[in-house]
Every structure is written in structure tokens, then in C-alpha cells.
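>>> predicted model, plus sequence, below.
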Amino acid sequence: MDIRIVAYLTAQMVVCLGGVYVIPWGMSMYFQDGCSDVFFTCVFICNLIGYLLRHYGRFNKFTQSISNREGVATATFSWILCAALAGMPYWMTGELDLSSSFFEGMSAVTTNGVTALESIQALPVSVLFWRGITHWLGGLGIIVVFISLLPRMAGGAVHLFVAEATGFNEDRLLPRLRSTARILFFIYSALTVAEAVLLFICGMDLFDAVNHAMATVATAGFSTYDNGIMHYNSPLIEFVIFIFMVLAGANFALYYKVYYKGWRVLWEDEEFRYFLYFVFATSCFITLAVYLGTEQSFWESVRHSFFMVAAFSSTTGFVSTNYEQWPAIAKLALVLLYFTGGCAGSTAGGIKIARFVVLVRMTIVELKRVLHPKMLFAVKFEGKPLTIAVLSSISRFFFLYVISVVVLSVMFAATGVSLTEAIFGVMACISSCGVAFGGIGMEGEFVHISAAGKMVLALAMLLGRLEIYTVLVMLRKEFWHVNSRW
């Protein structure tokens with residue numbers, strides 16, 4: 001692996017982040033909230049680090065190529081470094097200590113939505129907007145990584161990428177990465193603007209509308225209020241956010257196809273269709289449980305059940321009601337949504353619907369094989385049989401995901417938290433959902449967690465966001481061999 005290529009590519013990310021810092025810097029000077037010096041310092045630090053990395057780094061696009069290892073290292077190091085840099089304003093303004101600032105930055109760039117802040121509403125307006133824009137960029141970043149890097153990882157996400165038809169192949173959306181990124185940026189921005197306009201029409205002020213639109217499309221969940229969406233208590237606002245949470249949970253490559261082939265493409269896509277089935281069926285089940293088990297009216301049960309299922313399944317993590325007061329069966333259904341997540345190629349976290357569909361079909365095939373051991377059965381997705389290699393990679397990923405939850409829960413519990421906090425805290429972070437149960441609470445508040453605990457959860461966020469393999473493969477000795485090109 002050529003570390004100089006990694007340094008060069010990471011420098012590009014850091015310099016871009018420094019450029020984005022100019023936005024809250026300008027806002028701070030306009031609103032005179034006392035943070036202009038903080039953001040100026042952040043711009044300077046980002047550009048300084050970017051300059052040093054670029055000075056050491058080296059990459060000639062005409063004579064050099066980027067191997068898988070350099071791509072993996074760039075993705076991992078960029079996320080860690082950008083998380084540290086994104087958390088600087090919280091530390092410089094005295095809102096958080098150093099470890100909590102890194103935790104907050106990691107939560108933002110991984111679109112997780114958990115927070116170490118005691119009061120969000122008390123933040124200066126420029127810092128509040130910085131929270132919003134960092135997780136919006138994190139959501140866009142993970143889509144580009146899915147499109148360009150992860151499909152090349154044999155075990156990680158080869159089956160996540162979609163081109164002409166959603167399926168398990170390695171074709172590209174467009175031949176050139178730059179063109180792909182440009183199209184995705186346009187789609188991502190268009191959805192954000194559309195939601196912001198609708199939320200503004202529904203009664204939010206412009207600042208809140210933009211922040212909540214960025215949070216929804218990135219499936220991140222950061223709000224401008226301590227109690228999130230409950231602050232508005234508006235069915236109309238919740239309906240708009242519900243629609244866009246579902247849209248954000250779909251594969252963004254599909255929207256490019258919609259432009260040419262029409263909206264029927266969404267329904268024809270098997271993964272998105274199952275995603276809608278799952279959201280609808282789970283919502284109906286929880287609605288019934290809440291209606292029968294609480295004093296809420298049927299309309300209130302429908303309203304909050306559908307919203308919360310969309311929030312959990314898309315891993316956005318918005319909260320419209322106190323779901324801790326729901327019956328245990330309803331809360332258990334929400335817990336299961338930690339694992340499912342949204343569609344491949346979306347900003348959502350979790351294991352992904354496509355993997356679950358294939359795992360269920362693999363189980364059915366194995367049951368048939370027990371009854372008919374001499375018959376040949378094929379596991380299909382999108383009408384096409386999947387190879388043994390793809391089936392094996394899905395099985396391995398599911399196993400590794402579960403093991404990661406177990407190991408991280410043990411590590412988190414060792415920092416002194418309760419068993420409930422350990423399990424739900426890790427599940428909330430590795431799934432990128434953010435909201436949890438028990439001591440951590442609905443808003444994903446980690447104020448009381450120790451510095452060591454926050455580092456464990458930051459690792460969980462990184463593993464979940466980069467599909468586990470991308471990070472763990474760096475632990476292998478041969479990954480760091482200089483002469484090997486793979």
C-alpha cells in the first residue's frame with residue numbers, strides 16, 4: 001500500500017471540510033453569536049492539516065491507480081480525521097471536553113444522531129447549523145463511498161451496488177466516478193431542498209426547515225430542539241418527514257433511473273418494494289399494540305406508529321412521541337428494526353433489507369433441501385440466481401455484524417454502564433439509528449457516559465457506517481505490506 005496516496009486523498013477531504021467551515025464562520029459574523037474566531041481557527045487548522053498531508057502525499061492520476069487497500073485506508077482515515085475536525089467547535093466553545101467533541105463529530109459524520117450535549121437549544125446558531133451540515137455531508141459521503149469503494153470489497157458490500165437493475169453486481173451507475181458523484185450530489189441536494197420547502201410551508205421557520213431537511217435526507221436525526229420533532233406536535237410536519245425518511249431509506253441510484261424510466265422503477269425494484277412492505281406491516285402491528293395497550297386514540301396510534309417505524313427502519317432516529325410508554329411488544333418490534341435498516345446504497349444504516357431478504361430465502365432453501373436432499377435449489381434476487389460467493393459473503397457479514405454487537409456491548413459494559421445501556425447503546429450506534437431505550441433515553445443522550453465508553457461507541461459508529469469489513473480488514477498484517485497491490 002502506498003501511504004502517500006492515502007495522505008493525498010485524505011488531504012482533499014480535509015481541505016473540503018475546511019471550505020465548508022466558511023459557511024458557519026460567515027453565519028457567526030452575520031448573527032454575531034461570538035463564535036467567528038472559533039470557526040476561523042477551524043478553517044485555518046483544516047487547511048494547515050490538508051497542506052501538510054498534501055505536501056507529504058503524492059498521486060498522479062495519469063500514471064498511478066488507487067488499489068483496494070488505498071481506498072479502504074482513505075475511507076477509514078478520512079472518517080476518523082473528519083470526525084475529529086468536525087468536533088472542534090464544541091471543544092473550542094467550551095460546550096464539550098475533547099473526547100465528547102470527537103464523539104459528537106463522529107456522530108455527525110456517520111449520520112448517527114446521538115449526542116453528548118446537555119442542551120442543543122443553548123448552542124449558538126452557527127454551531128447549531130454546523131451540526132446540521134456535517135451530518136448532511138456525512139450522508140452524501142457514505143453514498144459516494146458505497147458507489148465507488150464498497151462494491152470492490154469482496155466480502156463487504158459487493159452485493160450492495162446497483163446499476164441497471166438493483167441486484168448483486170459490480171457495475172457502476174455511470175462509467176466515471178466524477179460523473180456518478182455529480183449525479184448523486186444533485187439528487188441528494190434536490191431531495192433536501194424539496195423537503196425544506198415543504199417543511200417551511202408546513203410552519204417551520206427557514207432555519208429549522210433546512211436543518212431538519214438535512215437531517216432527514218441524511219437519515220441522521222439531529223434536531224434544533226432538545227425534544228426533537230415532538231417540539232412541533234404537528235401531524236403535517238410529521239407526515240412530510242415520514243415521506244422523506246422512506247425516500248431516504250431507498251437506494252439513491254434508483255432515483256437516477258426514475259429520471260429516465262419513470263416512478264414505476266421504484267416499485268419494480270425488489271429491495272425497495274420489500275422495504276415498503278416491511279415498514280407498512282410493522283407499522284400496522286405496532287399500531288394495533290399501541291391502540292390496545294395504551295390510552296392513545298386510534299388516530300394517534302397510527303400517526304406515531306408509522307412515524308416511529310419509518311424513523312427506526314431508515315435509521316433516522318427522529319422521535320414524535322414517548323415510545324418508552326408503549327407496550328413491551330411494540331418496543332421489541334422497534335428493537336428489531338435496529339438490524340434491518342434501509343436499502344443498500346441509501347444513507348440508512350443497519351444490515352440492509354436486501355441481505356435480510358436473501359437470508360430468509362436461504363433459510364427456506366435449506367429447509368427444502370432437508371426434505372429433498374437430491375434436488376437443486378437456487379436463491380434468487382431480482383429474478384436472478386445468486387452465486388455461492390455472494391451468498392457466503394452475506395452470511396459472513398450477518399455473523400460478523402452480530403458478533404460485533406456482542407463484543408462492543410461487552411467493551412461498553414466494562415466502562416461501568418448497565419446491561420441495558422450497554423446493549424441498546426451499541427445497537428443504536430452500530431445501526432446509525434441513534435435513539436435507544438432505558439437509561440440512554442429516546443433522544444440518544446450520552447452525557448453521562450465516560451470518555452472510554454464514548455470511544456467504544458465511536459468505534460461502533462465507524463464500524464456500522466463503513467460496513468465493518470472496511471475497518472476490520474485493516475487489522476490484517478498483509479494489509480500493510482508495501483509491495484502487494486490488491
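Looks like it arrived, so ask away. Numbers count the residues shown, from 1 in each chain.
>>> go ahead and confirm residue 470 touches residue 74.
No - Residue 470 is beyond contact range of residue 74, at 10.3 Å (criterion: Cβ atoms under 8 Å). No exception for glycine: its C-beta is placed from N, CA and C like everyone else's.
>>> so which bits of the strand or helix carrying residue 255 are buried?
Using DSSP states H and E, residue 255 sits in helix 252-261. For helix 252-261, burial by neighbour count (16 or more other Cβ atoms under 10 Å) applies to 252-257.
>>> tell me the SS of residue 123?
Here residue 123 is recorded as coil under DSSP: H, G, I helix; E, B strand; the rest coil.
>>> next up, the contacts around residue 242.
Applying Cβ atoms under 8 Å, 6 or more residues apart in numbering to residue 242 gives the contacts 306-307, 310.
>>> wait, I meant residue 326
286, 289-290, 293-294 are the contacts of residue 326 under Cβ under 8 Å, 6+ apart.
>>> those residues, buried ones only, as a PyMOL selection?
In PyMOL, a selection of the buried entries from those looks like this (16+ other Cβ under 10 Å):
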select buried, resi 286+289+290
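>>> list just the nearest of the contacts of residue 326 to residue 197.
residue 286 (30.3 Å; Cβ to Cβ).
>>> residue 332 is in contact with the closest one, correct?
No - Residue 286 lies out of contact with residue 332 (Cβ under 8 Å); the separation is 9.8 Å.
>>> compare the contacts of residue 242 and tell me which is most surrounded.
residue 310 (27 neighbours; other Cβ atoms under 10 Å).
>>> burial check on the closest residue to residue 458 other than its chain neighbours, number of neighbours?
Excluding the flanking residues, the one nearest residue 458 by Cβ to Cβ, 6 or more residues apart in numbering is residue 106, at 4.4 Å. Counted by other Cβ under 10 Å, the residues lying close to residue 106 total 29.
>>> average pLDDT across the one helix or strand residue 106 maps to?
Following DSSP H and E, one finds residue 106 within helix 98-109. The pLDDT scores in helix 98-109 average 92.
>>> before we move on, what about stretch 130-148?
On average, stretch 130-148 scores 77.
>>> same thing with stretch 437-452?
75.
>>> and if you look at stretch 246-263?
Stretch 246-263 comes out at a mean pLDDT of 84.
>>> then that stretch to PDB, C-alphas only?
Below are the C-alpha coordinates for stretch 246-263, written out as PDB (Å, rounded to 0.1, in the frame of the first residue of the first chain):
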ATOM      1  CA  VAL A 246     -38.900   6.500   3.500                       C
ATOM      2  CA  LEU A 247     -37.400   8.100   0.400                       C
ATOM      3  CA  ALA A 248     -34.000   8.500   2.100                       C
ATOM      4  CA  GLY A 249     -34.100   4.800   3.000                       C
ATOM      5  CA  ALA A 250     -34.100   3.800  -0.700                       C
ATOM      6  CA  ASN A 251     -31.200   3.200  -2.900                       C
ATOM      7  CA  PHE A 252     -30.200   6.600  -4.300                       C
ATOM      8  CA  ALA A 253     -29.100   5.000  -7.600                       C
ATOM      9  CA  LEU A 254     -32.800   4.300  -8.200                       C
ATOM     10  CA  TYR A 255     -33.700   8.000  -8.400                       C
ATOM     11  CA  TYR A 256     -31.300   8.300 -11.300                       C
ATOM     12  CA  LYS A 257     -33.200   5.600 -13.100                       C
ATOM     13  CA  VAL A 258     -36.500   7.300 -12.200                       C
ATOM     14  CA  TYR A 259     -35.400  10.300 -14.300                       C
ATOM     15  CA  TYR A 260     -35.300   8.100 -17.400                       C
ATOM     16  CA  LYS A 261     -37.800   5.400 -16.800                       C
ATOM     17  CA  GLY A 262     -40.400   6.900 -14.500                       C
ATOM     18  CA  TRP A 263     -41.600   6.300 -11.000                       C
END
